[in-house]
Structures are given as C-alpha cells and as structure tokens.
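Trainee: coordinates only, sequence not included:
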C-alpha cells in the first residue's frame with residue numbers, strides 16, 4: 001500500500017494548484033504544436049517547434065543532450081519521438097510537482113483542496 005503513496009503524492013503536488021496547472025497546460029499546448037508541425041506541415045528548412053517543449057521543461061529536459069543524433073530535430077524514427085514525448089511528460093510532471101511543493105512552502109494556505117478553487 002505504501003508503494004502507491006509516493007507517486008500519488010507527486011501527482012497531488014503537480015495538480016492541486018493553479019501555477020502547476022497553468023504550467024502543464026502551456027507544456028501540453030507547446031507539445032501539441034510540435035506534433036502538428038511535425039506531422040502536418042512541410043518545411044523547406046528545419047523547424048524549431050521541437051525545441052519549445054524542451055526549453056519549457058528545463059532543467060530535467062537538458063538530459064536530452066545525451067540522446068542520439070536526430071532525436072530533437074525530427075530525423076529520428078518513431079522510437080526517438082516516443083522517447084522525446086515521454087521525457088517531456090516526465091520532466092513537466094517533475095517540474096510541476098516542484099512548483100507545487102515550493103508554492104506550499106512559500107504560501108502554506110494554498111495546500112489541499114482550497115488551492116484548486
């Protein structure tokens with residue numbers, strides 16, 4: 001039973017305040033724009049749309065510099081794209097959980113159900 005407690009606590013920190021929700025919405029919008037740009041827009045030159053989610057989820061997403069060539073510029077195959085998306089999601093959730101934790105420490109009255117209202 002304790003094994004499920006830690007991920008649930010991290011998700012509560014990441015989702016129970018307005019700051020984290022807005023941050024996650026911005027990351028989702030940027031990632032959606034990247035996917036639309038990748039699959040539906042033809043470019044004569046490279047697009048920088050994949051860099052925006054990467055920058056928004058820094059510092060954890062900076063670990064992408066260790067990935068193989070072609071992952072961030074769209075020349076990799078579907079496995080690299082899936083790895084990119086999973087990494088962006090994990091980094092965004094970790095950053096949102098940190099924002100929620102920091103917001104609770106800075107403003108203790110914002111914790112719990114009152115933060116979402």
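Mentor: Okay, I see it. Here the structure is a predicted model, which means the values were calculated and not measured.

Trainee: hmm, who's touching the helix or strand hosting residue 33?
Mentor: Element membership of residue 33, judged by DSSP states H and E, is helix 18-40. Here helix 18-40 makes contact (C-beta atoms under 8 Å, 6 or more residues apart in numbering) with 13-15, 47, 49-50, 52-53, 56-57, 74, 81, 85, 88, 92-93, 95-97, 99-100, 103, 115-116. No exception for glycine: its C-beta is placed from N, CA and C like everyone else's.

Trainee: Return the members of those residues classed as buried.
Mentor: 13-15, 49-50, 52-53, 56-57, 74, 81, 88, 92-93, 95-97, 99-100, 103, 115 (16 or more other C-beta atoms under 10 Å).

Trainee: quick one: contacts for the most centrally placed residue in the chain?
Mentor: Nearest residue to the geometric centre of the chain (C-alpha atoms, centre = their mean): residue 92, 2.4 Å. Each residue near residue 92 by C-beta under 8 Å, 6+ apart is listed here: 23-24, 27, 56-57.

Trainee: try 10 Å
Mentor: 14, 20, 23-24, 26-28, 30-31, 53, 56-57, 60-61 (C-beta atoms under 10 Å, 6 or more residues apart in numbering).

Trainee: give me the element it is part of.
Mentor: Going by DSSP H and E, residue 92 is part of helix 78-106.
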